[in-house]
Every structure is written in structure tokens, then in C-alpha cells.
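Asker: can't give you the sequence, but here's the structure:
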């Protein structure tokens, strides 16, 4: 915060506040949200509900407050992030941005964001009951920049009928998540089972194991399964764990060699993936908690709990651990508009984080609660998926780091994975290639192990 | 098609207009050639547009390619922020711990000076009275605990934002403050840490700067990253195959086939082959998806015949390549077709009849008479279309998007992705610009070569009226 | 042409080569009017349901405002390109200027530039003149990208106009401008028509520029609209709807193309697409 720059605005703001707001106050607040489909429109609709609430509150006080919300959503991420960054450069950014928490690093450096901690009270309801780890995820470089909008976990799924077909008893199936949690059942055990399913003819060749079809946070889970760490806890620097990257690349190459995953799997279509999941074509796969709702609502999956077993992502070897990554979206306040606009935007976000309002989003889209109180809202607590996933997965969830440079590391990791997977380079070359890219791009900002 | 020749004269250097024989008329005036201000006037609106949206972006791209500009540094410049990360980085670089501590010092003290600063900032006097009477002389480690105290005061502002603004004048920290200029930052640093040496302060400011800096690293990265080689190979493969099989090969075949056909069926085919060129790219891309997708036309058909049936567009490397080359080639074939057709019409019919009387087969006719006539148009199509293909990426982006596993990625697409469209949102404008600049240089060199090749100077006619 | 050779083998081979194209275009048409049973390509019922997006904006958004935007977009580009090219082309073809050869070479070279990869630079220019995220900004950019081509084509047309026409006009005492407007422009009318239709068609299909340079919904054009309909993992995803929208979007293009086919043939040989 630039002290001097704010003294002026402060004076105006305070004068306005103390002069007794007899005149009508009109605000137009824009909110943009990325990666938002029809299931998750409450990301922006919640802001509208909050505006209505604030207007009523003002009316009771005898003030005339009009808030117009202009909302826009993008179904993908590429376009959305491009639009936000370019709009911010041209001074037309939205007031409220709903995006992945990893954008806080670069965007705060670029001066696009106002730290939300300057505008809201984290000691007051409803922000005082948010999970601490989610607040940490919304913080960067000593400041709280955003308010978590949702949380999720990325479970590992296996088909119960297919497991049964290769000799698992009902008790074995029920015990499986526990065995995964303890590290007894590893990713390679999973590959063996997937292979068995194919050999027995329960699933078609190449459909044994279906990972995510494109780049995503999910692949860092496999890095962690093989003992990788994204950030060095002591220095806070990024970590490129050569052994873990090698093991992880090797794992997918092995999956290809065993024939349970196609060589050309990456770059496939979500539509195909979801359809195959819903029609029970895959033996094992992984995805997000929110996918379950998509499978049911859009692709016609029935009796999820009878057909699908879910758990943490299994450990890969003795170095790693079973894990899952949560990738919360956050509400961010941009530097767009006046300080008053920002204050109103922040209040809107705070109201939208009200457990009852947030529960609408969580249950509709299969995301998890952002705070303690939300889990006690009957609407949420009575939803089997939301509550089970919260209980079984969220305690083990960690997140990718907020680091302005993480994107470069991420791109390099995924490109290496792509080339090893497709067999265009050996695993060793792919790792070296990724290492060279991060060394070139990040220099001493990353520790190579 | 009577107008046809007119354009081909413009485009096709083989039949370009030669300097005329007719005598130049110098109306009302003798002497050497005169500059026409009217010409400049006529050209200037177009020049203005080209300057703004063509030339300026090229220059900007060249400039950006020597910066480390990303979405984190912003495009239009940076600010100076001393944050915990800045101090941590400084410590790694060996900066004295005492220095970083002096910079990070946060202290919130309620004293006379702070109260008067607050009064100056316009904080509500009643609230200030509260602060003065209850908290005078108090000292806080961080803003949050101070704010907690403030919230207990009777005259606290209703809005939390106002409370935070009122608290601000009491803090002395420069941590996480965004200074727009270097001078402001220097003043602030001098205020909290006056004993810093010049060098130390410069080191701090360098680390604290959030904007981009000049660098040649982009080109070094391109030169040393192994991925570059792969991209170059892909690009060469893509341009070479599409050009030889479709733009020239198929174009030639279409032109000759239509040439030998009855006029009616010939024009049906030429319209059909022009369709891909005029179809909007979004629709065209999805038509191909429908054609090659899992449950699309070709795989369904293949399944009927017991052939391997899968997603041809993304399911295997050879079929992915076949798909992108074919779908780009189908657009490009019409260019060659029309150009070659024009040249074919210029062949004297008697020559063909004569060869038939001599008993030449069709193949002989094509080889001996037609192909030699097409030498220049073929060369022209090759040069011209290789440039177009080099910079094209839309079709690949909307179909395979470089997949499977980055095997069909090309240079232009990668530049676009790095600079504008990637999943992690960390857009590397500088690196993307460097990649675009490479394309500009290659394109420039190639076009200069082929301007030479086609004796560009002869394509200009000397004005015959000079005034 | 030559009647000594049978043409049917050629027609057969060409027909086979063209089959993918025929099939793709035919099915765009067929699918938009019919339903097929799951797992089959052969339609079993005729229906107009895929066309309901025309009257019901809840299906895929307001198609009419997108159409209007696209129409304005393409018409303005056509107008700018044709007026500036007809002026610039004349200057390069007929008038004595310093650096004339340099200009012409420059235009030739620009013609072959990787224009879309310069988009960050374009963005900055637009932002500087305050036209980022406006339709008019995209119009300027797209028109500028087409200018080198347009000038080149128009120069070709002017080159074929006999000098005698101009000389006669000049000797009658008309100014050079009057000569150009009254005498020369009518001579290159086929070129003007071809160029305006061509630039209209090209602008009609433009996708990347509006998407990047005017990302907010107010300025949505049909290409972006169509792309939204094709998002595969949205609830509303419906392939036949996509084809109906696609056909609706492409129909004006095909009609224009068929009307102006002969004139356009001249221009396509200088086309800008790969």
C-alpha cells in the first residue's frame, strides 16, 4: 500500500462516509470468472445475491444503495487468463476476479490486485470461520490477497464391478481406500489390477487406466506420489526433484507399455473421457470431486456409490505418499476502479462467502466447503458426496504453491511428461529437457535435487 | 472469365507487365520525372493504417523480444515493492541480515506525530479522540493486532475499509508498499533505513523492481532448449509436406484435370475445392473433427470394414499428422489450382492439337507441353505458400492443438501459446515475441529472396503521365 | 479443350479425391435438419428443432445481435479495405513518388508476414489509441492486415487500364483526381467488386482477432458465438445444434460466393490463407 497515494483517497472516502450518505450511491461492479460451466454459475451468481443483501441492508439504514453486477464467465482457462491480463493492462479489468489461487503470485507482482485484507475483516463472520489452510492458499508474500471461493479434492476412482470381476470381494473393495491411505496399495498395484481387468476382458485394451486428458494440477499429485516436493519448506524456493520427476514419467511410460493407457492419450477430449466414465468403460481413473456431478448431470452416470470406489491418489513408491491436491479458486479484487468500488467489491465477496450461499455452489458443483460452519449447514451436511469427500479427502489435501515462477516450472514439467508419454523422447531425455528449461528460465530460483 | 488475366498479371510475375513501349506523355511540362504529391496523398491513408497496425507491432515485437516481459512483470512498466520475498531473495544473494531487518521493520506506534498524520488524512476526529485517550503510547507488532484494538473503540467507523484507512497513518513500515517511481522508493528507504550504502540500496531497488528488464535470455533459451529442434523439425515437416502434396501436387492435379474436363463439370469441381477456403475456420475445424473423431464418419466407416477405428485426429501420431496436413492442404490446394489454371489457358491450343495428331498420349502431353509451361507458377506457389504456411497455426490450434503429446506442434502455434494462450496463465510475452521475431526474420529473408527470383523491378511500370 | 481423350476417368478420380469434402459439407446440411438414432450416421427423421436457436435465445444466446455485429464488422472492413486499396493501388500503379519501388516491395513483404503472432504489439497499439476491447479496434486491425493484399490486387487491375484513357482526360484539362474518380475507377469496377466481396468473406470468418482483442460479450461475433456453442463439456452441447449454427453462419458466405464466383476467382489466386 502506498501510504501517500492513499491518503488522498482515504480523505475522500472518510469524508463520504462521515457526511451521512443522503444521496444515492450507484455502483457497477464487474465480475469475471474462469473455468466456469453451467454447474458452477454460483461463482458469479453469489455476488449478485450478495449485492441484493447489501442493498437491503442499506435500505434499512435509510441509504439508497444501487449495485449493478455485470458478470461474465469463461468455460476455459486459457482465454480467461489472457482476457484478464490484457484487460488489466488496458485499464478495463473487472472489479472482482474469480480464478485459481496460483494466479495471485504473478498478478500481485504485476499490480493487478489489491490485497483483500485491506478491505475486509478476517475477525468477523463469515471470514473468521474459513479454513486456515485455504486462507494460506489465498496469501502470497506476506499478505492475504483473496478469499477462497471453493475447495475441492482430486480423488482416485476405481470401478467396483471391474474390481469384483478380477476377484475382489465386497470387503476387499471397501478396504481399498484404507489400504491406499496407508500406502500399502501403490500406483503400480493399480496398474497390475488394470492390466488384469484388461486381460480378463472386463475393460477394453487401453481403457484400464484413464488419467486426466490434458494439463492440470492433477499431474503434480503423481509427482508427490513419487516423493516429489514442489516447494522447499525452509527457503520457500521451488524444488525440481529429479528422482521424483523421473519416477513419475516412468510410471506413465510403464502404463503405456503395459497397454493400460494409450501412448497418444494426452490431448484427448473431456467429452470422450466423461462419456467413458459414465458408461463404465474405464477400470481406474482420476478426476475432481466436481466431476462426479458432471457425470451424473450431463453424462447419465447412475448409482455412483455402488459403482465407483474413491480414495486418495495412491503412493507411487516408498519415497512418496498417498495424496490429493486441492486447487481452490479465489475471489480477488482488482486495482480497477476507485477505492470505494474496491471496498464494495470486497464487502460483496465477504457476503458471498456466507456458508449458506457458498453451500449452494458447493453442492451444485461438487466442490467442498470453504469453512467449518459450512459443513454444518444441513443442505451441505446431508449431501453424501460433499460430506464424505470432505471427511475422507480434504484433511490430506495440499495445494500447489503461490509463486510467480511456478507457471514456468509447470509448463516444463508437463511438456516433459508429454514427450516421454508419447515416446518421442526417452524418460531420461525428457527429464533433462525439463530440467534444462527450468534452469534456463528460473536460474537460482529453483532448487534441483 | 475475361477479367482473369488482369489479376494474374499483377500476381503472376511470369506475365507481369513490362515497361511499356508507348511514349511517356509529359503533359504541359518538360524535364525529368517529377514527384507527384497526389500520389503521396492517395497512398497516405493506407500507409497510416499499415504504420499503426503492421509496422508498429513489428517494431514493438522486436523490442519485446529483448525483454523478460511476462504477465507478472506487466507490459507497460513496473513499480518498486519491498516484500518479504524480496528480502528473502536479498538474503540469498548475500545481503547483510541487518539491512533486510531494518527494511522489514514494522512498528505501529500511537504517538503525537502519528495522530497528527491521521488528522491530516481526514480521519474522523471523534475516533481519533478515542485513540488518543485509550491507546496513547501503545505499540503494536503488526497491523492486525492494532486493528483489533481499534475495533473495540466506541466511535469506530462502521465500514471496515474506513477503519483500515484510519489505521494506516500509524504504521511506519514500507513493506509491501507499491512505489510507482524509483525516487519515491529511494525516499521511503532512506526514511526507514538511512544507513544503507549506495550499493546496497541499488541492490534492494533492483530486487524490488516488479517490471521487465532488458535481456537477451530469450534467444539464449531458444538456442539451448532441446524443444526448439523438435519444433523446427515439426514446422519444416508441416510446411514441406502440405506444400508438396497439396498446395503444389494436388493443385497441379486439379488444374490439369479440370483443364481436360468438360467445362460444366470442371467448374463444379473448382467451386467445390474453393469451399474450404471461404468456410469460416471455426466451422471448418469442427467439420474435420466430425470426420475423424472417435464416433465420427471415418472411424465409423473403418469399423464397418474391420479396419482400425479410433480417434484419427488425436489417437496416433501418423494419423494426427495426416489429418492436419490434409485439412490445411485442402484449403491450400485451390490457390495452386486457380493459378495453374490461368497459366494453362495461356498455352496455345494448336500446340496441344498438334501433339495429339503426332499420337502423344495424355501423359506425354502433360509432361512435354504442360509442365514446362507451369515452371514459374509452380515456383511462385511454392515460395508464396511456404510463407503462408510458416505463419499459420489457427487450423492446428483448433483441431489437434499440437497433440498427441506435442507431436504436431509448430513454431507459430508455440509462439502463440507461450505469449497468449496457456493453461497456467503465466504468459511469457518476451519469449513469445522472440519466437515471433524469428518468424518475421525468416519470412523477410524468404520474401527478399523470392522478390529477387522474380525480378521484382520489372513488375513496375513507369508512369506515363507526369504531373 | 482437347476432345481426343475421354474425360470420365479423370472425373472419377477427381470425384473420389473430393469425396471427403462432399461428405463433410453434405452432412453439415443433413444433420442440421434431421436426427439420427444413436450410433448411426443415417438420419431417420426430419426436424427443425436444431434451428430453434434462431427464435429462442435461451438455447445458445442471442444469435441476432451476433449476426448484426458480424455484419457491421465485415461491412466496415470491406469498406475500409476497398477504399484505401483503390487509392493506394492507383498511387503505386500510376503515380510518380519517391520510394515507389520500396513501397511496393514493402507491401509484397508484409503480405507474407506472420501477422497474427505480432498480436501483443497490436494489443499495445490498440490500447494506446484506446480501442482495445472495441469492435472498431478489431475492424482497424483486420482491415490493416488485409491492406497489403488489397493494394497489391488493385495495383494489378490498374496496370491493365490503358494509358490512353487517362491521357485523354488529362488533355481535356481534368485534374488527376477527377481523372481517377471519373475515368479510371469505372474501369476497375470488377476489381473493386471482387475485393469488397473477398474482404467481406474473409472478415466474416475471422475468429482469432475478435476473440483476443475484444473478449467481452458485448462485441461477440458469430465466429466466437459458434465456438462457444461447440464447447464440448457444457450441458448445452449438441452437435446438431452446432451444425445448424454453423450452416446459418456459413450460408451467407456460400451464397455470396456463388453469386460472385467468377469475379472472386481472380482474387483467390492471391488469397491469404495457407
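Answerer: Yep, it's here. If you're wondering where the values come from, they're calculated on a predicted model, not measured in any experiment.
Asker: Tell me how many other residues crowd whichever residue of the stretch 101-250 of chain A sits closest to chain C.
Answerer: Proximity of the stretch 101-250 of chain A to chain C (C-beta to the nearest C-beta) peaks at residue A:213, 10.5 Å away. For glycine as for every other residue, the C-beta is placed from the backbone atoms N, C-alpha and C. Other residues lying near residue A:213 total 19 when counted by other C-beta atoms under 10 Å in any protein chain shown.
Asker: In a helix, it, correct?
Answerer: No: going by DSSP: H, G, I helix; E, B strand; the rest coil, the assignment for residue A:213 is coil, not a helix.
Asker: for the closest residue to residue A:218 other than its chain neighbours, what are its contacts?
Answerer: Leaving aside its sequence neighbours, residue A:218 sits nearest to residue A:212 (C-beta to C-beta, 6 or more residues apart in numbering or on different chains; 4.5 Å). Each residue near residue A:212 by C-beta atoms under 8 Å, 6 or more residues apart in numbering or on different chains is listed here: A:218-219, A:286-287.
Asker: Widest-spaced pair of those residues?
Answerer: Pairwise distances across the contacts of residue A:212 peak at 12.6 Å for A:219 and A:287 (criterion: C-beta to C-beta).
Asker: Who has more neighbours out of the two?
Answerer: Neighbour tally, residue A:219 and residue A:287, criterion other C-beta under 10 Å: the higher count belongs to residue A:287, 24 against 19.
Asker: wait, what's in contact with residue B:313?
Answerer: Residue B:313 makes contact with B:288-289, B:292-293, B:319-320, B:323, B:399-400, according to C-beta under 8 Å, 6+ apart.
Asker: Pull up the gap between it and chain C, please.
Answerer: In this view, residue B:313 and chain C are 13 Å apart by C-beta to the nearest C-beta, to the nearest Å.
Asker: Distance-wise, check residue B:368 relative to residue B:354.
Answerer: From residue B:368 over to residue B:354 the distance is 11 Å, taken as C-beta to C-beta, to the nearest Å.
Asker: for the chain, which spans come out with low pLDDT?
Answerer: Unless you meant another one, I'm taking chain A. Counting by pLDDT under 70, chain A has low-confidence residues at A:1-23.
Asker: I was thinking of chain C, sorry if that wasn't clear
Answerer: Scanning chain C for pLDDT under 70 picks out C:1-5, C:37-41, C:111-117, C:217-219, C:231-238, C:266-274.
Asker: How about it: which residue is closest to chain B?
Answerer: residue C:156 (1.8 Å).
Asker: How is that residue classified with respect to secondary structure?
Answerer: Put simply, residue C:156 is helix when judged by three-state DSSP.
Asker: What of residue B:423?
Answerer: Assigned with three-state DSSP, residue B:423 falls in the coil class.
Asker: ok, the closest residue to it other than its chain neighbours to residue C:192 distance?
Answerer: Leaving aside its chain neighbours, residue B:423 sits nearest to residue A:215 (4.7 Å; criterion: C-beta to C-beta, 6+ apart). Going from residue A:215 to residue C:192 by C-beta to C-beta gives 48 Å.
Asker: I'd assumed residue A:271 was in contact with the residue of the stretch 101-250 of chain A closest to chain C.
Answerer: No: between residue A:213 and residue A:271 there is no contact under C-beta atoms under 8 Å: 9.6 Å.
Asker: wait, is residue A:97 part of a strand?
Answerer: Yes: assessed by three-state DSSP, residue A:97 belongs to a strand.
Asker: Return the residues in contact with it.
Answerer: A:31-33, A:84, A:113, A:331-334.
Asker: Buried residues, the helix or strand hosting residue A:28. List them.
Answerer: Using DSSP states H and E, residue A:28 sits in strand A:25-33. For strand A:25-33, burial by neighbour count (16 or more other C-beta atoms under 10 Å in any protein chain shown) applies to A:27, A:29-33.
Asker: That one pairs with which strands, parallel or anti?
Answerer: strand A:65-73 (parallel), strand A:96-100 (parallel) (DSSP bridges).
Asker: thinking again about what came up before, let me have the contacts of residue B:313 in CSV, adding distance to residue C:55 as columns.
Answerer: Putting those into CSV (distance: C-beta to C-beta, whole Å) gives the following:
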residue, distance to residue C:55
B:288, 30
B:289, 28
B:292, 33
B:293, 30
B:319, 41
B:320, 40
B:323, 36
B:399, 32
B:400, 36
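Asker: before we move on, the earlier item: out of the contacts of residue A:212, name the ones that lie in helices.
Answerer: A:218-219 (DSSP state H).
Asker: of the contacts of residue A:212, closest to residue B:223?
Answerer: For the contacts of residue A:212, the nearest to residue B:223 is residue A:219 (28.2 Å; C-beta to C-beta).
Asker: So residue B:401 lies in a helix, does it not?
Answerer: No: per three-state DSSP, residue B:401 lies outside any helix segment and is coil.
Asker: I figured it hits residue A:267, correct?
Answerer: Yes: between residue B:401 and residue A:267 there is a contact under C-beta under 8 Å: 6.5 Å.
Asker: So which of these two has more stuff around it?
Answerer: Neighbour comparison, residue B:401 and residue A:267: the larger count goes to residue A:267, with 24 against 19 (by other C-beta under 10 Å).
Asker: ok, now how distant is the more buried one from residue B:400?
Answerer: Distance from residue A:267 to residue B:400, by C-beta to C-beta: 7 Å.
Asker: Mutual contacts of the two, please.
Answerer: residue B:314.
Asker: Distance check, residue A:390 against residue A:396.
Answerer: According to C-beta to C-beta, residue A:390 stands 12 Å off from residue A:396.
Asker: Compare neighbour counts for these two and give me the winner.
Answerer: residue A:390 (21 against 16).
Asker: Surely residue C:264 and residue C:197 touch.
Answerer: Yes: counting by C-beta under 8 Å, residue C:264 does reach residue C:197; the two are 6.2 Å apart.
Asker: returning to what we had before: going by distance to chain B, which of the contacts of residue A:97 wins?
Answerer: residue A:84 (8.2 Å).
Asker: Contacts only, for the closest one.
Answerer: Residues counted as contacts of residue A:84 (C-beta under 8 Å, 6+ apart) are A:32, A:34, A:93-94, A:97, A:99, A:107, A:112.
Asker: before we move on, what about residue B:424?
Answerer: Contacts of residue B:424 were listed using C-beta under 8 Å, 6+ apart, and they are A:102, A:215, A:406-407, A:410-411.
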